[in-house]
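Peer 1: The following comprises the amino acid sequence and a computationally predicted model.
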Amino acid sequence: MIFYGKQHVNQQDIQAVIAVLQSDFLTQGPTIEKFEQRVAAYCGAKYAVAVTNATAALHIACLAAGLKTGDVLWTSPNTFVASANCGRYCGADVDFVDIDNDTYNLSAYKLAEKLAKAEVRPKAVIPVHFSGQSCEMEQIHALAKQYGFLVIEDASHAIGAGYQGAKVGSCRYSDMTVFSFHPVKIITTGEGGMVVTNQEALYKKLLLYRSHGITRDEALLQGASDGPWYYQQLALGFNYRMTDLQAALGYSQMDRLDEFVVRRRYLADRYNRLLQGLPLKLPYQDLAANSAWHIYVVRLDLTKVRLSKQEIFAKMREKEIALNLHYIPVHTQPYYRQLGFNAGDFPNSEQYYKEVFTLPLYYGLTDEQQDQVVKALKEVLK
């Protein structure tokens, strides 16, 4: 079976994890900080905080941004539910901004339009770099300055991607950026996530929220320390700590991040050539963005395809190819419908969902396997 995504772990990665197993620290040791520093340096950011997963990263980013009951978070409907749930974890209300019909990212134009009309404006906006392609961050940043909201980039798909000549994660146009290291992502720590930022005040808050709200930093203590064992809980934080084992795998994978992205871009270009002539809309690439190609999505021309998506998925699985779909619009989920959202609220996202599916794309996908995917798709859609 050819799956839509898959991790790539080599002997170097395995040896890095074994070295930690044979060390004095399995968790809360020096490897975590090494991994954080390496990702921050790669992105061109000052600070990084590693956590258990990208959902935890989004949560503590929202907490560091001061999101609370009575505030509002805006994000894209075309994302995994965590991009919205993180606001709800903080007690905030959530709303959405419809997507651009070409990039499938949160539309900067629709964001501007919604801000101009809104009676209650957001405390924070989370643009999601869907499939690995950056949103229009310069325009979103300008709106943030105009209307006074914080920007948290959800770059779960986009480590290794570029925007206007800089790496996604540089935080040039945002307050914080979140990465995911789930096994199907571009690099993996097994499970894991990270927040990067250039703001020291946010960095200190992120550290607190990652580990129960506890600190041993004497500069932050309220009163004198009782001794070397002493700590204080300054906030209600969480146990979101990454282990040294995970960090060792991530640190090792960083050696091949650029190699992973180059291969993904090669495979995406190859799909672009091989799929010509099929009743599909192929992915659009903004000239300002250099996608990391976490996923490759295509849209069906429903005027030319007689099969339903369910039939296409079933027929492709018969040919040993497992398609996927990214994403079901968040506002259509039962939980969010209970909050007052309805079908028709974000028409671009809803039409996109009717037409889209995700083809296999990962570092270890061979040219021959990709040919097999394309051959099967042509036979199904003929």
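Peer 2: Happy to help now that I have it.
Peer 1: before we move on, which element is W293 in?
Peer 2: W293 belongs to no helix or strand when elements are defined using DSSP states H and E.
Peer 1: Can you list phi and psi of it for me?
Peer 2: With angles defined as degrees, to the nearest 10, W293 sits at phi 60, psi 60.
Peer 1: And L302, by the same measure?
Peer 2: phi -70, psi -10.
Peer 1: quick one: it from D367, how far?
Peer 2: 30 Å (Cβ to Cβ, to the nearest Å). Every C-beta, even on glycine, is put in place using the N, C-alpha and C of the backbone.
Peer 1: Which one of those two is surrounded by more residues?
Peer 2: L302 (13 against 10; other Cβ atoms under 10 Å).
Peer 1: Contact partners for that one?
Peer 2: K354, E355 (Cβ atoms under 8 Å, 6 or more residues apart in numbering).
Peer 1: what's the neighbour count on P30?
Peer 2: Using other Cβ under 10 Å as the criterion, the residues surrounding P30 number 13.
Peer 1: Who are the contact partners of it?
Peer 2: Per Cβ under 8 Å, 6+ apart, neighbours of P30: D244.
Peer 1: what's the spacing between it and A247?
Peer 2: In terms of Cβ to Cβ, P30 sits 9 Å off from A247.
Peer 1: Then P127?
Peer 2: Remark: distance between P127 and A247 (Cβ to Cβ) = 27 Å.
Peer 1: now do G160
Peer 2: 18 Å.
Peer 1: E320 too?
Peer 2: 36 Å.
Peer 1: and R299, how many neighbours?
Peer 2: 18.
Peer 1: go on, D93?
Peer 2: 17.
Peer 1: now the one 10 residues further on
Peer 2: As a burial measure, T103 scores 23 neighbours (other Cβ under 10 Å).
Peer 1: Let me see the contact set for it.
Peer 2: F130, Q133, C135, Y284, D286, A289.
Peer 1: cool, and C62?
Peer 2: Counting by Cβ under 8 Å, 6+ apart, C62 has contacts L73, C86, G87, Y89, C90, A92, A124, I152.
Peer 1: among those residues, who's most crowded?
Peer 2: Result: I152 is most packed of those (other Cβ under 10 Å), 31 neighbours.
Peer 1: Which strand or helix spans that one?
Peer 2: Going by DSSP H and E, I152 is part of strand 150-154.
Peer 1: tell me which strands and helices that strand is in contact with?
Peer 2: helix 54-64, strand 124-126, helix 137-147, strand 176-180 (3 or more Cβ pairs under 8 Å, 6 or more residues apart in numbering; DSSP states H and E).
Peer 1: remind me, longest helix of the chain?
Peer 2: helix 257-274 (DSSP state H).
Peer 1: buried stuff in it?
Peer 2: Residues of helix 257-274 classed as buried: L257, F260, V261, R263, R264, R265, L267, A268, Y271, L274 (neighbour count, 16 or more other Cβ atoms under 10 Å).
Peer 1: my guess is V39 meets F179, correct?
Peer 2: Yes. Shown here, V39 and F179 form a contact pair, counting by Cβ atoms under 8 Å, at 7.2 Å.
Peer 1: who touches both of those two?
Peer 2: Common neighbours of V39 and F179 (Cβ under 8 Å, 6+ apart) are I159, G169, M194, V196.
Peer 1: Adding distance to H8, secondary structure and pLDDT, write these out as TSV.
Peer 2: Shown next, in TSV, are the shared contacts of V39 and F179 (distance: Cβ to Cβ, whole Å; DSSP: H, G, I helix; E, B strand; the rest coil; pLDDT from 0 to 100):
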residue	distance to H8	secondary structure	pLDDT
I159	14	coil	98
G169	21	coil	98
M194	19	strand	99
V196	23	strand	99
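Peer 1: Sort out which one of those residues lies nearest K185 for me.
Peer 2: I159 (7.4 Å; Cβ to Cβ).
Peer 1: element containing the spatially most central residue of the chain?
Peer 2: When Cα atoms, centre = their mean is applied to the chain, the residue found nearest the centroid is S156 (1.6 Å). Counting by DSSP H and E, no helix or strand carries S156.
Peer 1: what's the pLDDT at it?
Peer 2: On the pLDDT scale, S156 is placed at 98.
Peer 1: A219 too?
Peer 2: 89.
Peer 1: For R241, see how far away it is.
Peer 2: Taking Cβ to Cβ, one finds A219 at 21 Å from R241.
Peer 1: Compare the two (neighbour count), which wins?
Peer 2: R241 (17 against 6).
Peer 1: What residues does the more buried one make contact with?
Peer 2: T27, Q28, I32, V51, T52, R210, S211.
Peer 1: Return the members of those classed as buried.
Peer 2: Looks like the contacts of R241 have I32, V51, T52, R210, S211 buried, using 16+ other Cβ under 10 Å.
Peer 1: quick one: T69 from K114, how far?
Peer 2: T69 is 22 Å from K114, by Cβ to Cβ.
Peer 1: Y147 now?
Peer 2: In terms of Cβ to Cβ, Y147 sits 10 Å off from K114.
Peer 1: I am finished for the moment; much appreciated.
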